[in-house]
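Colleague: Sequence and computational prediction follow.
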Amino acid sequence: MLVIGEKINGTRSEVAQAIQARDSQMIQHLALSQVAAGAGYLDVNAGTHPKQEPEDMVWLINTIQDVVDVPLCLDSANPEALKAGLAAVNKPPMINSLSGEKARIEGVLPLACEHKTRLIVLALDDNGIPKTVEDRVAIVERLVKMTRQGGLPDDYLYVDPLVITIATDNASGRTAFETIRRIKARYPEIHFTCGLSNISFGQPSRTLINQAFAALAIQAGLDSAIVDPEEKGLRNIIYSAELVLGLDPHCKNYNKAHRNGLVGAPTQKAGEPAPAASDSQLVGALKGLVSAMASAGILDLSAAPASDAAPALTGSIPAAQAAPSQASADDDRIKGMIEAMVAMDEEKVDAMVKEWLDDGKDPLRLLDASRDAMVEVGRLFDAKEYFVPELILAGEILSAISTAVKPYLKSDAGDSAKKGRVIIATVEGDIHDIGKDIVVTMLDINGYDVLDLGVDVPVAKVVEAAKEFKPQVIGLSGFLTLAYDPMKFTITAVKEAMGNGIHYMIGGGQMDDEVAKYVGADAFGKDAMEAVKLCDKWILGGNA
């Protein structure tokens with residue numbers, strides 16, 4: 001949900017007084033507080049006399065941009081004020097708004113098309129606000145045709161279905177929802193916004209009505225709203241409704257809002273970023289992973305060395321030992337990658353990884369950076385700043401990095417024969433795959449021919465695969481205690497079918513050496529590198 005902060009509006013008496021008195025402190029306070037509360041845009045409406053409005057619009061914009069960096073929504077029907085505002089903004093703005101009224105079409109539309117701005121489109125014309133859904137949709141269709149002719153892509157448009165107070169129109173909510181649905185079906189790329197609090201005007205306990213309307217409107221397709229972002233109850237509904245409707249992949253927006261105190265019980269002051277790990281924390285964290293990441297099967301607390309130095313993966317070059325001529329710039333890039341991984345910024349990570357590899361840099365340093373980032377993710381999980389969705393997303397980011405790095409590692413290693421064959425599977429009844437996938441990746445890049453059977457793998461499937469693939473090692477993964485018996489049954493069945501020529505290792509959240517004994521495995525692998533070492537020992541060393 002894109003939140004457009006509504007407070008800097010000259011129709012509000014305190015804002016009008018601040019504009020007249022050039023009280024920059026008051027305006028900047030409104031800007032800062034709205035951004036801290038999660039506003040992605042700030043609506044800027046001078047609301048003064050047409051001759052004075054351009055100057056007041058520019059003053060407001062400059063005053064706001066001195067303290068915040070979010071884009072602005074220029075709110076005026078006055079083309080001269082919009083022109084002045086467009087010349088003053090630092091970032092591409094949104095214009096509020098175009099309607100089917102002749103004056104708006106002649107004054108606002110050319111500016112939006114010339115400057116290629118995002119544009120709020122109102123479902124009304126010179127006849128006023130239509131009562132029916134059909135008439136509102138018809139107006140929007142005419143305006144979309146005009147914006148397309150002017151070169152604006154559909155995803156630059158934010159249609160306002162127009163929300164009338166429920167006190168005067170009992171069908172207002174249903175009309176707005178159906179208008180959104182109809183337009184969304186016709187133009188899937190278009191966004192939707194509205195003055196959300198209009199629905200409750202004239203009613204008691206308005207925030208309750210606003211919250212109910214917000215949840216239903218989001219389900220209909222609303223993905224933006226002009227609201228008071230500091231109304232926490234409404235924020236709670238917006239973030240949680242999007243989460244429940246599956247509109248928040250990996251729960252990123254909700255969990256980030258929770259960390260920043262924007263929803264739920266605040267863990268810190270609203271607007272303050274989650275505490276970032278210092279360099280010493282990132283290095284020191286490699287002494288061991290927190291229990292959460294051990295449970296996720298990524299690494300293990302007891303696997304780390306006692307020194308403060310960060311151990312590198314096999315064949316990698318620790319950042320501190322990089323050649324002096326490139327150390328500073330490369331280390332800064334690696335640090336940026338770690339920060340992007342911890343922030344769960346997949347697009348930024350993808351771009352940085354591609355750039356690093358395209359520049360011919362050491363691909364193994366990316367794996368070192370990934371490990372450091374996973375350590376920090378684990379620390380944040382342990383501190384209850386990150387949650388299960390972040391662990392899952394972290395695993396996906398790591399998997400994507402591993403996939404990108406693999407070809408470069410293989411080319412370094414040449415086309416030599418594989419060291420041996422390994423089957424990896426998450427046992428029946430368990431669907432966790434983060435740790436398993438990392439083990440598969442590390443075995444692959446270390447020269448093993450790996451057959452990944454996936455998750456929730458029945459005993460019979462492992463037996464069949466063992467007969468066909470003829471592995472020297474079988475690795476079984478499981479997250480909870482419920483995996484103990486499936487592991488035991490699987491190992492017993494394979495031994496009965498294949499004899500005693502295969503080594504077995506287990507790994508995952510609740511696994512340890514005692515569980516290995518119970519299920520009949522040869523060893524417990526603490527992490528992916530331990531799995532590689534066990535395979536090297538058993539296959540290359542020839543000793544159990």
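Modeller: Structure received. Numbering: from 1, shown residues only.

Colleague: rest of the way, CA atoms for contacts and neighbours
Modeller: OK.

Colleague: what does the average pLDDT come to for the longest helix along the chain?
Modeller: Criterion DSSP state H: the longest helix present in the chain is helix 388-413. The predicted model assigns helix 388-413 a mean pLDDT of 74.

Colleague: Which secondary structure elements does it sit against?
Modeller: Other elements packing on helix 388-413 under the criterion 3 or more CA pairs under 8 Å, 6 or more residues apart in numbering; DSSP states H and E are helix 324-342, helix 346-358, helix 364-382, helix 434-445.

Colleague: Past that helix, which element shows up next along the chain?
Modeller: strand 421-426 (DSSP states H and E).

Colleague: can you give me the angle that following strand makes with helix 434-445?
Modeller: 170 degrees (axes from the mean of the first three to the mean of the last three CA atoms, to 10 degrees).

Colleague: So which other helices or strands are in contact with strand 421-426?
Modeller: Against strand 421-426 (3+ CA pairs under 8 Å, 6+ apart) you get helix 434-445, strand 449-452, helix 459-469, strand 473-477.

Colleague: Just say which of those is most tucked in.
Modeller: Stretch with highest mean neighbour count among the helices and strands packed on strand 421-426: strand 473-477 (a mean of 27; mean count of other CA atoms under 10 Å).

Colleague: now the strands: where do they sit in this protein?
Modeller: Assigned by DSSP state E, the chain shows strands spanning 2-5, 41-44, 72-75, 94-100, 118-125, 157-160, 191-192, 224-227, 421-426, 449-452, 473-477, 503-507, 523-524.

Colleague: looking at the ones you listed, which is closest to G202?
Modeller: strand 224-227 (16.8 Å; CA to CA).

Colleague: ok now the closest one, how far from the chain's centre?
Modeller: 21 Å (CA atoms, centre = their mean, to the nearest Å).

Colleague: average model confidence for that strand?
Modeller: For strand 224-227, mean pLDDT is 96.

Colleague: before we move on, what about stretch 24-31?
Modeller: Across stretch 24-31, pLDDT averages out at 96.

Colleague: got it, and stretch 470-488?
Modeller: pLDDT averaged over stretch 470-488 gives 91.

Colleague: What lies in contact with that stretch?
Modeller: For stretch 470-488, contacts defined as CA atoms under 8 Å, 6 or more residues apart in numbering pick out 295-297, 420-430, 432, 435-436, 459, 501-511, 515, 518-520, 535, 539.

Colleague: Check which residues of that stretch are buried.
Modeller: Of the residues in stretch 470-488, 470-479, 483-484, 486-488 count as buried by neighbour count, 16 or more other CA atoms under 10 Å.

Colleague: that older thread, nearest to I190, of the helices and strands packed on helix 388-413?
Modeller: I190 lies closest to helix 346-358 among those, at 22.6 Å (CA to CA).

Colleague: if I look at Y41, how far off is K116?
Modeller: Y41 sits 17 Å away from K116, going by CA to CA, to the nearest Å.

Colleague: More neighbours: these two, which one.
Modeller: Between Y41 and K116, counted using other CA atoms under 10 Å, Y41 has the larger neighbour count: 23 against 17.

Colleague: beta partners of that one?
Modeller: I4 (DSSP bridges).

Colleague: So it sits against L72, correct?
Modeller: Yes: at 5.2 Å, Y41 counts as touching L72 under the criterion of CA atoms under 8 Å.

Colleague: one step back: in CSV, list the helices and strands packed on helix 388-413 along with mean pLDDT.
Modeller: Shown next, in CSV, are the helices and strands packed on helix 388-413 (pLDDT from 0 to 100):
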stretch, mean pLDDT
helix 324-342, 83
helix 346-358, 94
helix 364-382, 79
helix 434-445, 78
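
Colleague: Of all the ones you listed, which one comes closest to L208?
Modeller: Set against L208 and scored by CA to CA, the helices and strands packed on helix 388-413 come closest in helix 364-382, at 33.1 Å.

Colleague: Using CSV, list the CA coordinates for the closest one.
Modeller: Presented in CSV, the C-alpha positions along helix 364-382 are these (Å, rounded to 0.1, in the frame of the first residue of the first chain):
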residue,chain,number,x,y,z
LEU,A,364,33.9,-16.9,-3.7
ARG,A,365,33.9,-13.6,-1.9
LEU,A,366,30.2,-13.5,-2.7
LEU,A,367,29.7,-16.7,-0.7
ASP,A,368,31.7,-15.2,2.2
ALA,A,369,29.4,-12.1,2.0
SER,A,370,26.3,-14.3,1.9
ARG,A,371,27.5,-16.2,5.0
ASP,A,372,28.1,-13.0,6.9
ALA,A,373,24.7,-11.7,5.9
MET,A,374,23.1,-14.9,7.1
VAL,A,375,24.8,-14.5,10.4
GLU,A,376,23.4,-11.1,10.8
VAL,A,377,19.9,-12.3,9.7
GLY,A,378,20.2,-14.9,12.4
ARG,A,379,21.1,-12.4,15.0
LEU,A,380,18.1,-10.3,14.1
PHE,A,381,15.9,-13.3,14.2
ASP,A,382,17.2,-14.2,17.7
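
Colleague: and that helix, what other elements does it pack with?
Modeller: The contact analysis (3+ CA pairs under 8 Å, 6+ apart) places helix 364-382 against helix 279-284, helix 291-296, helix 324-342, helix 388-413.
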